[in-house]
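In: make a model of this:
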Amino acid sequence: MTSTQSRVAPRPHPTSGRATAAPSLPRPPAPSPLPVRRTRVAGRWRYDRQSGDWWWSPEMSALYGLTADGRRPCTEVLVAAEHPDDRPRTIDALSAAVTGAEGFCLQIRLLTDGGEVPVVFIGEPQLDDEGRVTAVEGLVVEAPRPAEDRVSALETEVAQLRTAMAGRAPIEQAKGVLMLLTGCGEQVAFDLLAHISSHTHRKVREVAVDLVASASGQRPLPAEVRAILRDACPPGSGGH
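Out: Reported below is the predicted structural model:
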């Protein structure tokens, strides 16, 4: 599919006009993929201040529904596809970019047959050698939907919870072993686990697994752990 273009005036409320060839300026590099669960549409666009022409990439045209009805890109099409509450911000941002060389990054909502689609609308003025704005170029990237964000966050939270629960069982068992061995309370048993972990440079869970395995007769304790426990509960202290 080829790119589409149309002529509009360089003011906040320009009108559509004739189509021109796509600009010969080098195209900006494709944006890096966003870290989300599905591919996001990233459309590119360019507005030429001198000629008043718009150029949209095929992805941009598809995102704004131009592939089906044959309309040409122009400011009216751009803002008409947006939620009414977002249109004034887009017009103001485009006007400030053209007349004041101000870049912008807006989060807006597109109106589609499938409902509202949140997108990020980005624009950057292009200047000549004298600092005058000759064009505005930018991207439109489909943003993650809030519902998808919640699902993704929930999946991450569940995975973290499962990992934490899997690591908790041996720690609780090891605390019980130490409580029986030293006659201490639950908090002191955990503090002793943490003390062993710190002095052996091993994770608390790893120390707990070794203690439980030793108590069940599966394997002996590492020498460094055994030495710390000997200091904590020497023979004749009432421990086993």
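In: show me the contact partners of the strand ranked longest in the chain.
Out: In terms of residue count, the longest strand belonging to the chain (DSSP state E) is strand 115-127. Applying CB atoms under 8 Å, 6 or more residues apart in numbering, the external contacts of strand 115-127 come out as 63, 83, 90, 93-94, 97-98, 101-110, 133-146. Glycine gets a C-beta too; all of them are placed from N, C-alpha and C.
In: tell me which of those residues fall in strands.
Out: 104-110, 133-142.
In: quick revisit: show me which of the contacts of strand 115-127 are buried.
Out: By neighbour count, with 16 or more other CB atoms under 10 Å, those hold 63, 90, 93-94, 97-98, 102, 104, 106, 108-110, 133, 135-143 as buried.
In: got the buried residues for the longest strand of the chain?
Out: 117, 119-126.
In: need those in CSV (columns: distance to Ala215 and pLDDT).
Out: As requested, the buried residues of strand 115-127 are exported to CSV (distance: CB to CB, whole Å; pLDDT from 0 to 100):
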residue, distance to Ala215, pLDDT
Val117, 58, 87
Val119, 59, 88
Val120, 57, 89
Phe121, 63, 92
Ile122, 61, 91
Gly123, 66, 91
Glu124, 65, 90
Pro125, 71, 91
Gln126, 72, 91
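In: any chance of the residues you listed in a markdown table, with distance to Ala189 too?
Out: What follows is the buried residues of strand 115-127, written out as a markdown table (distance: CB to CB, whole Å):
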| residue | distance to Ala189 |
| --- | --- |
| Val117 | 55 |
| Val119 | 55 |
| Val120 | 52 |
| Phe121 | 58 |
| Ile122 | 56 |
| Gly123 | 61 |
| Glu124 | 60 |
| Pro125 | 65 |
| Gln126 | 67 |
